[in-house]
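Q: Pasting a predicted model and its sequence here:
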Amino acid sequence: MTLLKVDAIETYLGQYHILQGVSFEAKKGEVTVLLGRNGAGKTTTLRSVMGLAPISDGVITYNNKPIHKLPTYKISNKGIGFVPEDQGIFNDLTVEENMKVAMKKKDDVTMERLEWILKLFPDLKTFWHKKGGYLSGGQKQMLSIARSYINSNDLLLIDEPSKGLAPIIVEKVMRSIQEMKEKTTVILVEQNFMMASMIGDRFYIIDDGKTVHSGDMKELKEDEQLKKQYLGIA
Amino acid sequence: MDVILGILINGLATGMLIFLLAAGLTLIFGLMDVLNFAHGALFLWGAYAGIWLYGQTESFILGILAAIAAGAIIGALLEKFIITPVYGNHVRQILITLGAMLVLGELVKVVWGPNLIQAQPPEWLKGSWEFGGLILIKYRLFIIAVGTVVFAGLLFLLNKTRLGMTVRAGVMNKEMVEALGINIKRVFLFVFLLGAAMAGLSGILLGPYSGVLYAEIGLEYGILAFIVVIIGGMGSVTGSAIAAILVGVLGAFAAYYVPDIAMAVNMLLMLIILIFRPQGLLGMKEAAKQ
């Protein structure tokens, strides 16, 4: 079942025509990976879905209802969590306060989810009263993911979670996304092909603002020509 | 010694008045990135509306409520019709809010006339207490108490409630707050109305403190509030509180000991602080770089 459908969207950033017809679908319970070189338009695609980079053409539907004309907060409240490329941590707020700002409810379900998150990321529990600005890059990434996951969102958009992190932290983050995959649908933008191929079910390659290829991740793993052509992987 | 203590209390009272005005201004700038030069007009309208109703009803409490309401209502109109169209453009903000300040100042003269308006404290706040040789004027202590309560309330709101945390988060990253499902425009409006209401409150408190009101106090105190916000660090409520007390107390001492330079003391203080801390006392370094 398709949860999110992006159909031929076009987005301008200032005078630049960044997205020139990106289309893809995210099916419920799957990890959909958006791949492509730097500057291909992957981050803008996620920001367009969230309404942070409004589209000028095309349609975005979530649960078969159009969402592209809604303001960002309404899109989020439909059940879409967002982990931006820069993590978006509120540096002057503690880990606890970062989580509290994100928590839409304080019911039993949310508290159970919080408990589960803190087991998944014990560092967050250790630094619960520490300001976000003092966390390491990896801890910030964990906090950003935790914040997007605390509400019972059906879909998570995660932008380059491995960027700038040490391999051991990347592994930790990857494991956490794998565990979340059992409870929610994920759209992942990732440069690290190893990571993407291990947790992704379906892929879309974006090049020059357009979707140029799609398929099962298993197929891509074996297609050396495609990897070389669009991802620069020999 | 008694003279020094007396001046200190006088300075603290002035500082608290300026703080009530500056706190809203610093939050509005910090969260909304809006340079609101019409903030003094909210103070002015609060003063006139509050003192007018106080005069009509002889109830100072009703006057205070009217001042808060006047500040908030004019603030809401200002935000919707004057400031919303110029979000993100500082030059236009300065021009249009300065214009609004002048228009609202003139409108006060249209409604209440151009003459000075007298204002006296209510009976229950008249007079003083005497401890040894020290005379403590009740109304000044009242202003200090109100300022302290408002400051404590603001700190509680900002640090202990989800709304306050959202405001602080919004100061840092508005986009992310929206992406977490929070309507930042509603938070903006709340902060604006809170700041406007505090400006109105500050206005009526000034009336019996200075004894007279005139239309130019809006611009005079508005500029003073801007100096305080810059010294304290834009966006920092605690910074504004410290700066307001510094400005109030130094101003009071200067007026007593070196009256010739009393007017220049605030500017001098701002100059010295900005040389050593361009971001202000408690402002973030990033703000100074921009």
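A: Structure received.

Q: And for residue 185, the neighbour number?
A: Using chain A. Using other CB atoms under 10 Å in any protein chain shown, A:Thr185 has 24 neighbouring residues. Any C-beta I mention is one placed from the backbone N, CA and C, and that applies to glycine too.

Q: that answer is for a different chain, and I need it for chain B
A: By other CB under 10 Å, 15 other residues sit near B:Lys185.

Q: and it, what helix or strand is that in?
A: For B:Lys185, the host element (DSSP states H and E) is helix B:184-210.

Q: With A:Ser152 instead?
A: Assigned by DSSP H and E, A:Ser152 falls outside every helix and strand.

Q: residue contacts, it?
A: Residues near A:Ser152 by CB atoms under 8 Å, 6 or more residues apart in numbering or on different chains: A:Gly79, A:Val109, A:Thr110, A:Arg113.

Q: Among the residues you listed, which one sits closest to A:Thr211?
A: Taking CB to CB as the measure, A:Gly79 is the one of these closest to A:Thr211, at 24.1 Å.

Q: Need the residue closest to the centroid of chain A.
A: Taking CA atoms, centre = their mean, the centroid of chain A lies closest to A:Ile158, which sits 1.4 Å from it.

Q: give me phi/psi at the closest residue to that residue other than its chain neighbours?
A: The shortest distance from A:Ile158 to any residue other than its chain neighbours is 4.4 Å, reached at A:Val83 (CB to CB, 6 or more residues apart in numbering or on different chains). Dihedral pair for A:Val83: phi -110, psi 100, per degrees, to the nearest 10.

Q: pLDDT score for A:Val83?
A: Residue-level confidence at A:Val83 comes out at 96, pLDDT.

Q: cool, and B:Ala264?
A: Reported pLDDT for B:Ala264: 87.

Q: Three-state assignment for it, please.
A: With DSSP: H, G, I helix; E, B strand; the rest coil as the basis, B:Ala264 sits in helix.

Q: Tell me who's in contact with it.
A: Here B:Ala264 is in contact with no residue (CB under 8 Å, 6+ apart).

Q: give the contact list for the closest residue to A:Gly133 other than its chain neighbours.
A: In space, A:Gly133 comes closest to A:Asn91 once its chain neighbours are excluded; the distance is 3.2 Å by CB to CB, 6+ apart. Counting by CB under 8 Å, 6+ apart, A:Asn91 touches A:Lys131, A:Gly132, A:Gly133, B:Met172.

Q: What remains of the residues you listed if I keep only buried residues?
A: Buried members of the contacts of A:Asn91, counted by 16 or more other CB atoms under 10 Å in any protein chain shown: A:Lys131, A:Gly132, B:Met172.

Q: Pick the one among these closest to B:Gly164.
A: Using CB to CB, those come closest to B:Gly164 at B:Met172, 13.4 Å.

Q: Just to check, that closest one is in contact with A:Glu97?
A: No: look at B:Met172 against A:Glu97 with CB atoms under 8 Å: they stay out of range, at 11.2 Å.

Q: Residues that sit against both of these two, list them.
A: Common neighbours of B:Met172 and A:Glu97 (CB under 8 Å, 6+ apart) are A:Phe90.

Q: about what we covered before: would you mark the buried spots in the helix holding B:Lys185?
A: Buried residues in helix B:184-210, counted by 16+ other CB under 10 Å: B:184, B:187-189, B:191-209.

Q: got the contact list for residue 49?
A: This is for chain A. A:Leu4, A:Val6, A:Ile60, A:Ile67, A:Ile75, A:Ile80, A:Leu157, A:Ile187.

Q: The intended chain is chain B.
A: By CB under 8 Å, 6+ apart, the residues touching B:Ala49 are B:Ala66, B:Ala67, B:Ala69, B:Ala70, B:Gly200.

Q: Could I get the average pLDDT for stretch B:190-207?
A: Stretch B:190-207 shows a mean pLDDT of 95.

Q: any residues touching the top helix by length along chain A, and which ones?
A: Secondary structure of chain A per DSSP state H: the longest helix is helix A:167-181. Residues outside helix A:167-181 that contact it (CB under 8 Å, 6+ apart): A:29, A:31, A:120-121, A:137-138, A:141-142, A:145, A:149, A:156, A:158, A:161-162, A:165, A:186, A:188, A:192, A:195, A:198-199.

Q: before we move on, what about stretch B:211-222?
A: Outside stretch B:211-222, the residues that touch it by CB under 8 Å, 6+ apart are B:17-18, B:21, B:37-41, B:43-45, B:47-48, B:51, B:101, B:104-106, B:108-109, B:114, B:116-120, B:202, B:206-207, B:210.

Q: Span of it from start to end?
A: 19 Å (CA to CA, to the nearest Å).

Q: In stretch A:155-166, which residues are buried?
A: Residues A:Leu155, A:Leu156, A:Leu157, A:Ile158, A:Asp159, A:Glu160, A:Pro161, A:Ser162, A:Lys163, A:Leu165 are the ones in stretch A:155-166 that count as buried (16+ other CB under 10 Å).

Q: From start to finish, how long is that stretch in a straight line?
A: Per CA to CA, the first residue of stretch A:155-166 is 26 Å away from its last.

Q: now that stretch, how far from the centre of its chain.
A: 7 Å (CA atoms, centre = their mean, to the nearest Å).

Q: Which pLDDT value goes with the nearest residue to A:Asn63 once chain neighbours are set aside?
A: Spatial nearest neighbour of A:Asn63, excluding adjacent residues (CB to CB, 6+ apart): A:Leu3 at 6.6 Å. Looking at A:Leu3, its pLDDT is 96.

Q: Report the backbone C-alpha coordinates of the strand or helix carrying A:Leu3 in CSV.
A: In the assignment (DSSP H and E), A:Leu3 maps to strand A:2-13. What follows is strand A:2-13 as a C-alpha-only set of coordinates in CSV (Å, rounded to 0.1, in the frame of the first residue of the first chain):
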residue,chain,number,x,y,z
THR,A,2,1.4,3.4,-1.0
LEU,A,3,1.7,5.8,2.0
LEU,A,4,3.4,8.7,0.2
LYS,A,5,3.3,9.5,-3.5
VAL,A,6,5.4,12.2,-5.0
ASP,A,7,4.3,12.9,-8.6
ALA,A,8,6.4,15.0,-11.0
ILE,A,9,7.2,17.7,-8.5
GLU,A,10,9.1,20.9,-9.5
THR,A,11,10.8,23.2,-6.9
TYR,A,12,12.6,26.4,-7.3
LEU,A,13,15.1,27.7,-4.7
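
Q: Direction included, what does the helix or strand that it is followed by pair against?
A: Reading on from strand A:2-13 to the C-terminus, the next helix or strand found by DSSP H and E is strand A:16-27. Take DSSP bridges as the rule and strand A:16-27 pairs in its sheet with strand A:2-13 (antiparallel).
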